[in-house]
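Undergrad: have a look at this prediction, sequence included:
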Amino acid sequence: MIRSVFAVFRINVTGLFALVAATLFLSGCQTESQTLVDDAGARESAFDWRVPASVPLPYEPDDNPMTEEKFQLGRHLFYDARLSVNGEISCASCHEQARAFSDGQQHPSGATGEVHPRNSQSLTNAAYFNNLTWGNPALATIEQQVMLPLFGESPIEHGINEDNFEQILMSIQADETYLRLYAEAFPEQDEPLLGELAWDNSVKAIASFVRGMTSFDSAFDRGEMSDAAKRGEALFNSERLECFHCHDGYNFSDATIDRGVTFLEPLFHNTGLYNIDGMGAYPDPNTGRHEVTGNPDHMGQFRTPSLRNVAVTAPYNHDGSVPTLEGVIRNYAAGGRVIASGEHAGDGRMNPLKDGVLVSFQITDAEVDDLVAFLESLTDDAFLTDPRFSDPWR
Amino acid sequence: MKITLTPSKRLACAAGMSVVLILPSQASAHYIPAEGEPVQVHGTVMTTWRSASPVDEYEFWQIPGTSMGGDAWPVSQGVSLDEVSVMAAKRLDQNTFVKLGVSTHDGSDGHQSVGIEHASLGFVCCDSKGPWVVEAGRMTAAFSPELLAHRSASEFTEPSLIADVFFGRHFHDQGLRVWLHETAGWSAGAEIWQGKAFPATDGSDGGAWDAFARYSFSVGSVDANIGAWHYRAQATSRADHRYGGGHQHTPVAALGEVATIFPDVRYTGDVDLTGVHAGSSVRIGAESTLGIKGAWAQLNMEGVLHDSGSREADIVADQYAVWLQPYLTLHNHTVSLRAERLVADNTLTGAAAATLGEGAGLLSEDGHTPERFSLSWLYQWRPQIEFRAEYISDQTLPEEQDRFAVGVVWQGSLLSGHAGH
């Protein structure tokens, strides 16, 4: 009865509204709700990024816009061990697809056997970081970063230098596959594999491949988390644990930048992993941002890694010194790591340079399991096995 | 509490109805104590049971296409103490008076806080009650009837969309008001505000002002009123303080539930609001009144949306909300119908437009224009006690919801010898 009376009222009032709406329409007013969104081309790209509509696209450098052809050329170079002094080291040596392009080692070794002091980072969604590597605020593009493993001398990774670069380039130039790929990737150039231009093009192509490694198809993204993972997510976002303050947003890192972001101050955090002199010191040469800036306040500060695919990227932290996710969680629960003996002994909990958000918290074994389950729900299995990112030489 | 009678209220009293029907809370919010009166202390308690809330426990109440904030919390399922308020007023001398008032405000999870709504000093010139009045301090705005009323003084347990969406339900701020007070049917004036009330912000780049005029008159058995106002606010990094605006955390959900972090999108820019309102009633018997009233408000926003991640997008929003309310009073019973509609026409520009628009709630749903229809029955059981029942067909969100409410309101004088309403 009430609903019937109400329906009549609604019809009459709706009719009155329609009359008012018609008047407003004739006078130029909008009569139905609408929102026009002009994203200024933020979703436009010549490249198929394969990211969901809810995730903004990353920036593309003006001097290296993304194309499928450069991506495919970069994929071949990424997996090509000819790009090293001894023909044994490729990018993929330290960045394996099944490990989300990390390597499972605490410290990787270069072509000359030199051990890198840092742990190999996952390349998942590298396009979304506002600075690359663990602790260099000046390294803002993947193109800049690619130069370091190829040509860097401290440490030596690929070992390409003035003595061998012509020979390495000749081996590339002699490959029919590369002649075709370079021509397709750089159609505006007459000789894309000639001289210094060839190296510039190679760096851009590898950077394009790395930039195209997007991963947003985990159980978390699909809303298919287990109950344990859901409980873990609640813990992750809780007042008690505070995880999301640094691991925030769609990429689970506060160092995330995309086309919607006009400027992002580089953020680095000291997590109390070391305190070898009681004054907050980290062991050389792994002092993080401090290595670049020389600022004592920057001691032990590292960029927040993404947590996407984190479950397959062990060991953890900048030096790979924590073997498991549970170990990472327990260090945070303690408010820092205590190293009882050895050359790195010290109480990280008391590190005076530790980030203020890192306070200790109580957590049960079951809650640790739930939190790990949540982190495991961020694994994108399709990304780890996608032929698009696999070795094209096999 | 003694009431300043306008012609409309005299008619309402004669009809035996609550005097708050036409321009309800002018009686309390802008009451000027008479010279020689003892201290007046007026109290109100309102409690309501509702069959449902428009949103689930871990959802944010954002009507699509709008930028909400203030104290516009969604009503909650079950029994809730909607309002407890105490208002005191005292005439100090021939020209000055003070008002103090506290009231509860809704909060998250049904929690309420007590806030000071009035702490003001008034100066009357040039007669006992005007015509010119200057008031300063913390006050309820006078420019719009939408903002004058507590829910206890309204025919409906839920505030209008104009009040909830455009003004965050309440408007209490520090400011200065100069006005012509109910003289020959006219009230008109201007107010300037510090900017602590939504949709403004305070500080050097914030603040607000308004101007208003309204007129009440009677012709035979017909009583009518009409008014118009304009309000302008500046906002800097304005947050939706219901869910954001500070240290952000996801609410801890119950087992098996998932709560998400509120996207704390801010607005910096100007807000202009213009409104008109009118009402008319006619006596159709010794104890019967038939009336209709309504209001229309137009909002214009022009500014920038931004967030903590350095995302920015320009926004130009033109929105209007309208409600129409016929009502019938027979003896101690009043039946009212209210139909509301809100139309948003927003344009967002910039690389982050879609992300920020979604976070701010400013993306309209395709083919959906918010509407709400409410039917209420009020029964004035005793002079100070009123029972109410209500049916709401809520189409403000894409998923339509029907809900019911029953409640009781007590309001009356606490200290004075004078009777309440």
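TA: Alright, I've got the coordinates. Numbering: from 1, shown residues only, chains lettered A, B, ... in the order given.

Undergrad: going by C-alpha atoms from here, please, whenever you check contacts or count neighbours.
TA: Will do.

Undergrad: number of nearby residues for A:S54?
TA: 10 (other Cα atoms under 10 Å in any protein chain shown).

Undergrad: for it, give its distance to chain B.
TA: In this view, A:S54 and chain B are 8 Å apart by Cα to the nearest Cα, to the nearest Å.

Undergrad: the residue nearest to that residue when sequence neighbours are not counted: how many residues sit nearby?
TA: Nearest residue to A:S54, sequence neighbours excluded (Cα to Cα, 6 or more residues apart in numbering or on different chains): B:T355, at 7.6 Å. The tally of other residues near B:T355 (other Cα under 10 Å) stands at 22.

Undergrad: tell me where chain A has strands.
TA: With DSSP state E, the ranges of strands along chain A come out as A:34-38, A:338-339, A:346-347.

Undergrad: nearest to chain B, out of those strands?
TA: strand A:34-38 (4.5 Å; Cα to the nearest Cα).

Undergrad: using PDB, write down the CA coordinates of the closest one.
TA: Output in PDB follows, covering the C-alpha atoms of strand A:34-38 (Å, rounded to 0.1, in the frame of the first residue of the first chain):
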ATOM      1  CA  GLN A  34      27.700  13.300 -16.300                       C
ATOM      2  CA  THR A  35      31.400  13.600 -15.800                       C
ATOM      3  CA  LEU A  36      33.700  14.300 -18.700                       C
ATOM      4  CA  VAL A  37      37.300  13.100 -18.200                       C
ATOM      5  CA  ASP A  38      40.000  14.500 -20.400                       C
END
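
Undergrad: for it, which outside residues touch it?
TA: B:65, B:344-351, B:353-354, B:362-366 (Cα atoms under 8 Å, 6 or more residues apart in numbering or on different chains).

Undergrad: please narrow those to those residing in helices.
TA: If you go by DSSP state H, those have B:353-354 in helices.

Undergrad: buried subset of the contacts of strand A:34-38?
TA: Buried members of these, counted by 16 or more other Cα atoms under 10 Å in any protein chain shown: B:65, B:344-351, B:353-354, B:362-365.

Undergrad: would you point out the most distant pair within the residues you listed?
TA: B:A344 and B:A351 (21.5 Å; Cα to Cα).

Undergrad: span of stretch B:192-207 from start to end?
TA: With Cα to Cα, to the nearest Å as the measure, stretch B:192-207 spans 8 Å from end to end.

Undergrad: what are the buried residues along it?
TA: B:192-202, B:206-207.

Undergrad: repeat that for stretch B:174-183.
TA: Buried, per 16+ other Cα under 10 Å, within stretch B:174-183: B:174-182.

Undergrad: and if you look at stretch B:284-300?
TA: Across stretch B:284-300, burial judged by 16+ other Cα under 10 Å covers B:287-300.

Undergrad: hmm, back to that, would you mind finding the most buried of the strands of chain A?
TA: strand A:346-347 (a mean of 23; mean count of other Cα atoms under 10 Å in any protein chain shown).

Undergrad: pLDDT of that strand, averaged?
TA: Mean pLDDT, computed over strand A:346-347, is 96.

Undergrad: same deal with stretch B:385-397?
TA: 97.

Undergrad: can you check stretch A:73-93 too?
TA: 96.

Undergrad: that one spans what distance, first to last residue?
TA: 18 Å.

Undergrad: give me the contact list for it.
TA: Residues contacting stretch A:73-93 (Cα under 8 Å, 6+ apart): A:101, A:103, A:110-112, A:150, A:157-160, A:164, A:168, A:171-172, A:178, A:181-182, A:185, A:202, A:204-210, A:389-393.

Undergrad: near residue 244, how many other residues are there?
TA: Defaulting to chain A. When neighbours are defined as other Cα under 10 Å, A:F244 has 21 of them.

Undergrad: ah, no, chain B please
TA: 17.

Undergrad: do the same with A:F263
TA: Neighbours of A:F263 (other Cα under 10 Å): 14.

Undergrad: same thing with the one 3 residues further on?
TA: Neighbourhood size, A:P266 [other Cα under 10 Å]: 17.

Undergrad: show me what contacts it?
TA: A:130-131, A:137, A:255.

Undergrad: out of those, what pair is the most spread apart?
TA: A:P137 and A:A255 (10.5 Å).

Undergrad: these two: who's more crowded?
TA: For A:P137 versus A:A255, neighbours defined as other Cα under 10 Å are more numerous around A:A255 (25 against 21).

Undergrad: residues from the stretch 51-200 of chain A in reach of chain B?
TA: A:54, A:56 (Cα under 8 Å from any Cα of the partner chain).

Undergrad: residues in contact with the residue nearest to A:S54?
TA: A:54, A:56, A:260.

Undergrad: now do it, the pLDDT please.
TA: We have a pLDDT of 88 for B:T355.

Undergrad: the closest residue to chain B within the stretch 101-250 of chain A: how many residues sit nearby?
TA: Nearest residue of the stretch 101-250 of chain A to chain B (Cα to the nearest Cα) works out as A:N237 at 5.7 Å. The number of residues packed near A:N237 is 23, by other Cα under 10 Å.
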